[in-house]
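Chemist: structure here, sequence nowhere to be found:
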């Protein structure tokens, strides 16, 4: 689950540590929303469909708000796949705060974001557990079936393609609403309920609740998400080629 590119114009850029804090905070709150709303949904209803509706609605709204609020700070990636795609496609080359266009500066930012996102995801699950008095421990819900892994490829491909398509067509303002809406829809049209985010996947491993995922399913899910990100890059190159001046 995910986000907008760093701003290209505007006020002076914030220090990297501030942007890393934004990524950790945003990812943590995203996981807290996913896990917390899942716990609430399970407590309120015995119907699986209604539980999923409640969980997906909270995630849709929460994700859109987080991207809108934190986008001006860090770009609100909130997702290692988005960060890696952002680096690979270099669509933010020269963006404020990168320390210039040098590759080492961009790699430092990537590393800082990845660590912040994973740490934030784990903290968000722990926070959700604490808010609802859920005992600590790892999840036991296995999810790494062939259909669910295919679903994660599809979900992540769609998510990254939404972001790249909007950014490359000059419609960045649509990213918060579009990403939130896409993830909300993907809850329903994918058998995996669209994790589409390695940091969220790792975080959800630490909550044995409605939204949890067993440790044995985590690496296959992340592999599927990375494949989806790579496919989205290829599709974006075909559908939204970067037009260079000069």
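Modeler: That came through fine. Treat the numbers as computed from the prediction; the structure is a model and nothing was measured.

Chemist: tell me where this protein has helices.
Modeler: If DSSP state H is used as the criterion, the helices of the chain fall at 16-44, 48-74, 80-89, 103-132, 146-168, 175-189, 198-204, 215-239.

Chemist: can you list the buried residues in the first one?
Modeler: So that's helix 16-44. 16, 19-42 (16 or more other CB atoms under 10 Å). The way it works is simple: take the backbone N, C-alpha and C, and place the C-beta from them, glycine included.

Chemist: nearest to residue 138, out of the helices of the chain?
Modeler: helix 215-239 (5.7 Å; CB to CB).

Chemist: any regions of this protein where pLDDT drops low?
Modeler: Screening the chain residue by residue with the criterion pLDDT under 70, one finds the ranges 1-13, 91-102, 243-246.

Chemist: ok, 80 please
Modeler: Of all residues in the chain, those with pLDDT under 80 make up the ranges 1-13, 90-103, 243-246.

Chemist: list the buried residues of stretch 42-56.
Modeler: Of the residues in stretch 42-56, those buried under the neighbour-count criterion (16+ other CB under 10 Å) are 42, 51-56.

Chemist: using CSV, lay out these together with distance to residue 174.
Modeler: Conversion of the buried residues of stretch 42-56 to CSV gives the following (distance: CB to CB, whole Å):
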residue, distance to residue 174
42, 33
51, 29
52, 26
53, 24
54, 26
55, 24
56, 20
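
Chemist: between these, which sits nearest residue 120?
Modeler: The shortest approach to residue 120 among these belongs to residue 55, at 19.6 Å (CB to CB).

Chemist: for that closest one, which residues are in contact?
Modeler: Under the criterion of CB atoms under 8 Å, 6 or more residues apart in numbering, the contact list for residue 55 reads 34, 37-38, 41, 187, 193, 210-211.

Chemist: just to revisit the earlier point, okay if I get the helices of the chain as CSV plus distance to residue 140?
Modeler: What follows is the helices of the chain, written out as CSV (distance: least, CB to CB, whole Å):
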stretch, distance to residue 140
helix 16-44, 15
helix 48-74, 18
helix 80-89, 24
helix 103-132, 14
helix 146-168, 16
helix 175-189, 21
helix 198-204, 12
helix 215-239, 9
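
Chemist: so which of these is nearest residue 139?
Modeler: Set against residue 139 and scored by CB to CB, those come closest in helix 198-204, at 6.7 Å.
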